[in-house]
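# take a look and give me a structure for this.
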Amino acid sequence: MLKKSDLKIKDHSFSQEEFNLIYDAQLDKYTTTPVPDNLGDYYKAENYISHTDAKTGFTDKLYQSVKHFMLNRKLNLISKYASKGKLLDIGAGTGDFLKSAKKAGWEVSGIEPSEAARKNSLKKGIALFESEQDLGDQKFEVISMWHVLEHVPDTQKQIQWIFNHLTENGIAVIAIPNFKSYDAQHYKEFWAAWDVPRHLHHFSSKSIRLLFERSGFTCIAQKPLIFDSFYVSMLSEKYQGSKFPLIPGFFRGLVSNMKALPNGEYSSLIYILKKH
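This is a model prediction of the structure:
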């Protein structure tokens, strides 16, 4: 069981440096410190999969396969809460989600700071903006962030920006790791979804609801990302030093999902938040 106190976590995937996670009891969240001055360099590792379409190893292939399988499921979820209109994806990566949304009839826009990812997206016919400033005062029916909010330095400022750029009764769709999941509790400092220092903030369901309520949102739904527990657990097994991480990782991912059935504490959660 993770203690509600400060933690020390290693960047297992890139630098091997250690970072502190400072616990905020009021919000029930952790903050990564120190934040490196050259934070962008920590995204330049060849294996940073969100910025590529890499399929070099089994876990890469698994990630890409699940990503494509989930595209329509994500769009079907959104369509339950919003009519088709303008959709903005922040941290759009290589553009696969927006490509599917465009095909489904949405008017799409996306933001992606990584030049390499933007180039990959453009090859698929999806041009992305580099920053939010490029959008001016445009408003959208839906703004999504798929595993992106945890990378943003100023969470409240980002949430307020989303509020200001949503239409009346627009929705924000936010997917993030959940440090209260079974896999996080089991792997502790080896849990792959800490992903320091790239993940600057680490949220619970309580912290997301409180932060969004401050800016005028109401959480109208909370849904699991079932497959995340398997991928995260396999990586966590690897970080623990397992020579054969796939089988125990799959088992822990399955256990995590089963443990979450009564309490909703899945490895990753999608929040549907309505502007009011």
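
# show me where the stretch 101-250 of the chain has its strands.
107-111, 140-146, 166-177, 201-202, 217-224 (DSSP state E, counting those that start in this stretch).

# and residue 12, its phi and psi?
Main-chain dihedrals, residue 12, degrees, to the nearest 10: phi -70, psi -30.

# re the thing from before, tell me which of the strands of the stretch 101-250 of the chain lies nearest to residue 233.
strand 166-177 (12.1 Å; Cβ to Cβ). (Each C-beta comes from the backbone N, C-alpha and C, glycine too.)

# can I get that closest one in PDB, CA atoms only?
Taking Å, rounded to 0.1, in the frame of the first residue of the first chain, the C-alpha atoms of strand 166-177 are listed here in PDB:
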ATOM      1  CA  LEU A 166     -15.300  25.300 -24.800                       C
ATOM      2  CA  THR A 167     -18.700  26.300 -26.200                       C
ATOM      3  CA  GLU A 168     -21.600  26.600 -23.700                       C
ATOM      4  CA  ASN A 169     -22.200  23.100 -22.300                       C
ATOM      5  CA  GLY A 170     -19.100  21.800 -24.000                       C
ATOM      6  CA  ILE A 171     -17.200  18.900 -22.500                       C
ATOM      7  CA  ALA A 172     -13.600  18.100 -21.600                       C
ATOM      8  CA  VAL A 173     -12.500  14.500 -22.000                       C
ATOM      9  CA  ILE A 174      -9.500  13.800 -19.800                       C
ATOM     10  CA  ALA A 175      -7.600  10.500 -19.500                       C
ATOM     11  CA  ILE A 176      -4.900  10.100 -16.900                       C
ATOM     12  CA  PRO A 177      -3.100   7.400 -14.800                       C
END
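
# that strand pairs with which strands?
strand 140-146 (parallel), strand 268-275 (antiparallel) (DSSP bridges).

# want to throw those into JSON lines with distance to residue 75?
Shown next, in JSON lines, are these (distance: least, Cβ to Cβ, whole Å):
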{"stretch": "strand 140-146", "distance to residue 75": "10"}
{"stretch": "strand 268-275", "distance to residue 75": "12"}
